[in-house]
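>>> Any chance you could fold what I've pasted below:
(3 chains)
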Amino acid sequence: MSPGSDIIIVGAGIVGAACAWECARSGLRTLVLERDFPGGGTTAAGMGHLVVMDDSEAQFALTQYSRRLWSELAPNLPREVEYDACGTLWLAADEQEMAEARRKEKYYTERGVRVEMVDSARLAVLEPNLRSGLAGGVLVTDDAVVYPPSAAHYFLQAAQTFGAKVVSRAEVTSLQPEGSVRLADGTSHAAGRIVVATGPWSPELMPGLPVRKRKGHLVITDRAPGFVRRQIVELGYLKSAHSMDTSSVAFNIQPRVTGQVLIGSSRQFEADDRAVEPAILDRMLRRAVEYLPGLGELSAIRSWTGHRAATPDKLPLIGPSLGSDRIWLATGHEGLGITTSLGTGRLLADQLLGRTPEISATPYLPARFAHGGGTHA
Amino acid sequence: MRKAFQVRVNGKPVAVPPGTVAAAAVALAGETRFRRSPQGTPRGPLCGMGVCMECRVTINGRPHCLSCQTLCEAGMEIHTDA
Amino acid sequence: MRESAFQFDIVIVGAGPAGLAAACAAAESGQRVAVIDNTPWLGGQIWRGEQANPVLPLAREWLPRFLRARVTWLDRTTVIGTGNEGNVRALLAEHPDGPRKIVWNKLILATGARELFLPFPGWTLPGVLGPGGLLSLVKNGWPVAGKKVVVAGTGPLLLAVADGLKQHGANIVCVAEQAARGRVLSLGVQLLRFPAKLAQLAGLKARLAGVSQRYGVWPVRAVGREAVEAVELTDGRKRWTEACDLLACGFHLVPNLELPGLLGCALAHGFVRVNEWQATGAEGIYCAGEATGIGGAEGALLEGRIAGYAAAGQLARARALFAPRAASHRFRAALAGTFRLRPELKSLAAEDTTFCRCEDVAFGRVKAFAHGRAAKLLTRCGMGACQGRTCGAAAKIIFGWEFESVRPPVLPARINSLLAQPKA
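Now for the predicted structure:
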């Protein structure tokens, strides 16, 4: 059967959607197959924080590149995407964390990312609702926030203007190495390349893939405009993200354009169910209230969970899979899927078309796990 | 029977008998708008039983209080979302 | 686990007829019983105001009975989630003074029902309320004397509310019931089997003589600038306008399934599924009253008593009530048929009619979606403070969308209340 598409993208989350847009606008005939509806999976649970992170040079490169792409896109984004360049305030509770803040400031400054050191006096001016006694922090001025489902929707609409087809309620159940997918309804589709962009569910299609589910909880409040003005994250967050403990929480809070306050964050391995766990909410909210005492009085209206796609080195998988040059990957973004969706789309399209990417694609190649796994079904 | 007492709605004193809910005090003060929707349209109570969330006002400085479920007390300060 | 001041053998959520009856029955066994309610009053919705001014015969019997029983009443306490720890099961609740953790061994959910609202142009104007909602507020001081009120929608509440409002001095312009007269009349015939109800209805009709009562009539638009000033009604052929100060419009009742859902209770036909003992599928959890089927106070009392006895292990006493409960279920079935919604009610909303009130999402935007979750994520419909109670019930009727699983908080709550252990 001759393929009707050049590319089939499995999964219309924000990463799949960004890939679809890049592929379609580069002239590839693109088909997106989504088992539920676009943006309804991990994307719907994400905080929507567009952030430059410095866990590793490779992570920094991808997030900086992606954040730049977002800011270039910003003027075109419709209101529903709620793009807001409010910045990130990384909080230092004590001198030890302040040293980390200074390290971060130096690191970012050397690489051209605008930052500003903040002492405790300035902290109180920037965010009056933070408790007193914090040491200060570092402000990354050009970080932003978006509403992820609307962003994914926007990317797919853009992809469709370039001829991409998006099919919802089309669940791919298996991949064939010669370049086709079989759906739950028994039909098959073939393409020159298949891109697996199914986030935490990727190992279901490709057993052995080094991607694990990492559960997160979120709570959103009723409208409290001005309660916080920018995304605020404790520097201790990095300990949580690195931790291999079964569960951890960290203070991570975001103002939404509606005036609601979005509260995170938590991480759990070995928790594959979607249920909201009161004990985790307790720990996460307790941590948040420690930093923002007034938060306790705000009205919580919803809580939810999602699963991130975690890889062993905290970098995504972008590029050809190990087993077949027809099966490609765009998955494993853990807590940076929203941010790096755009960079991922570019790197993927560049590799598919043999173009030189703006940043090196090497650190994210699936081949780096050659000893561990990554074979297809 | 216990006697009426005073509350204030948007600063205006209103005498209410015991057993009056804050929502009724707002109506007694002649106000029809309890709050505004996100797009600014006027809203008032709908369900009268604490589930529609349309009757929310600020009571004694605390925002988002369900006025249909809150009994008036002497000196209570009620502010609608003007 | 820290010692909690709130530890009971049998906890009942809801102080309406079902909850009060369950409490009385359970307390007979000598176990420690508590009733939790999020209002300052006993009686739920149907007996609102009865505690202060007892009028209804059943309320006059049961409210004093409850107050005499050895039951702890936890008022102004809103259940928002669970606070289980190990084998100990507890509810997490909010109280004006702070969070509460209430440990239970057996749980009886009597969460009742709420009015169904359907969108139509102008339905968000101040002064448009549910009939039961308006009467509740009036009983708690809302001024209605001399005000012109149109009562519209569907259900047995309409006449009862018109009666109650009239007794408080309202000028009832008309009662507009969407059900056809014939259908409502045949319910009346069925009431011959329930003399008490028939007497109730006869009294209502007598007191409402002179009030215009129309059947097969429904509202199509509410008009006004800052508040409602008039309502446009139709009988399907012609339209006319009635000036009014208040529009009491609601389309019967839907069960409050949020807490049962959070606790793992299965549903059947849109209500909590229970067996003959009023036991749900979730271990140790019973359900009684409107949440198991809209049937009114008598049925709720019977179900509550059965649940209370069953939870307390007094099975013979529970079984003795099975026959009268079966009779009340026959009435319940008759009720459901009578007030079925006519299809026109699903298309009252115009493109620009607000569908999700909390987030101000227009009907035209929502209806473009094939299913509810996509609509919710992309328009925010259902993500507001009412947690989808208002628009979700309408969406179920109009689009057939089912609500998704319930997560805490079951009702909006202060962040402090979600901290399972009260802060030191």
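
>>> Next to chain C, which bits of chain B? Give me the list.
If contacts are counted using CB under 8 Å from any CB of the partner chain, the residues of chain B sitting beside chain C are B:16-17, B:19-21, B:23-25, B:27-28, B:32-34, B:37-39, B:41-54, B:56, B:64, B:68-69, B:71-72. Where you see a C-beta, it was placed from the backbone N, CA and C, and this is true even at glycine.

>>> Among those residues, the buried ones, what's the PyMOL command?
For selection in PyMOL, the members of the residues of chain B next to chain C meeting the burial criterion (16 or more other CB atoms under 10 Å in any protein chain shown) are listed in this command:
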select buried, chain B and resi 16+19+20+21+23+24+25+27+28+32+33+34+37+38+42+43+44+45+46+47+48+49+50+51+52+53+54+56+64+68+69+71+72
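
>>> Would you map the helices across the stretch 201-350 of chain C?
With helices called from DSSP state H, counting those that start in this stretch, the stretch 201-350 of chain C shows them at C:258-262, C:297-311, C:315-319, C:322-338.

>>> just checking, what packs against the third one?
The one in question is helix C:315-319. helix C:297-311 (3 or more CB pairs under 8 Å, 6 or more residues apart in numbering or on different chains; DSSP states H and E).

>>> Return the helix it packs on as PDB; C-alpha atoms alone will do.
Backbone C-alpha positions of helix C:297-311 (Å, rounded to 0.1, in the frame of the first residue of the first chain) are rendered in PDB as follows:
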ATOM      1  CA  ALA C 297     -40.000  13.800  51.600                       C
ATOM      2  CA  GLU C 298     -42.100  10.700  52.400                       C
ATOM      3  CA  GLY C 299     -39.800   8.500  50.400                       C
ATOM      4  CA  ALA C 300     -36.700  10.200  51.700                       C
ATOM      5  CA  LEU C 301     -37.900   9.600  55.300                       C
ATOM      6  CA  LEU C 302     -38.500   5.900  54.600                       C
ATOM      7  CA  GLU C 303     -35.200   5.400  52.900                       C
ATOM      8  CA  GLY C 304     -33.400   7.300  55.600                       C
ATOM      9  CA  ARG C 305     -34.900   5.100  58.300                       C
ATOM     10  CA  ILE C 306     -34.000   2.000  56.400                       C
ATOM     11  CA  ALA C 307     -30.400   3.200  55.900                       C
ATOM     12  CA  GLY C 308     -30.100   4.200  59.600                       C
ATOM     13  CA  TYR C 309     -31.400   0.900  60.800                       C
ATOM     14  CA  ALA C 310     -29.300  -1.100  58.400                       C
ATOM     15  CA  ALA C 311     -26.100   0.900  59.200                       C
END
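
>>> Determine the set of other helices and strands touching that helix.
In terms of contacts (3+ CB pairs under 8 Å, 6+ apart), helix C:297-311 is packed against strand C:10-13, helix C:17-27, helix C:57-68, strand C:106-109, strand C:285-287, helix C:315-319, helix C:322-338.

>>> need the ones you listed in TSV with mean neighbour count, distance to A:L336 and mean pLDDT, can you?
Formatted as TSV, the helices and strands packed on helix C:297-311 follow (neighbours: other CB atoms under 10 Å in any protein chain shown; distance: least, CB to CB, whole Å; pLDDT from 0 to 100):
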stretch	mean neighbour count	distance to A:L336	mean pLDDT
strand C:10-13	30	42	98
helix C:17-27	30	49	98
helix C:57-68	16	57	96
strand C:106-109	29	42	98
strand C:285-287	28	42	98
helix C:315-319	14	57	98
helix C:322-338	16	52	92
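
>>> Tabulate the ones you listed in CSV, adding columns for distance to C:F403.
As requested, the helices and strands packed on helix C:297-311 are arranged in CSV below (distance: least, CB to CB, whole Å):
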stretch, distance to C:F403
strand C:10-13, 19
helix C:17-27, 22
helix C:57-68, 32
strand C:106-109, 17
strand C:285-287, 17
helix C:315-319, 31
helix C:322-338, 20
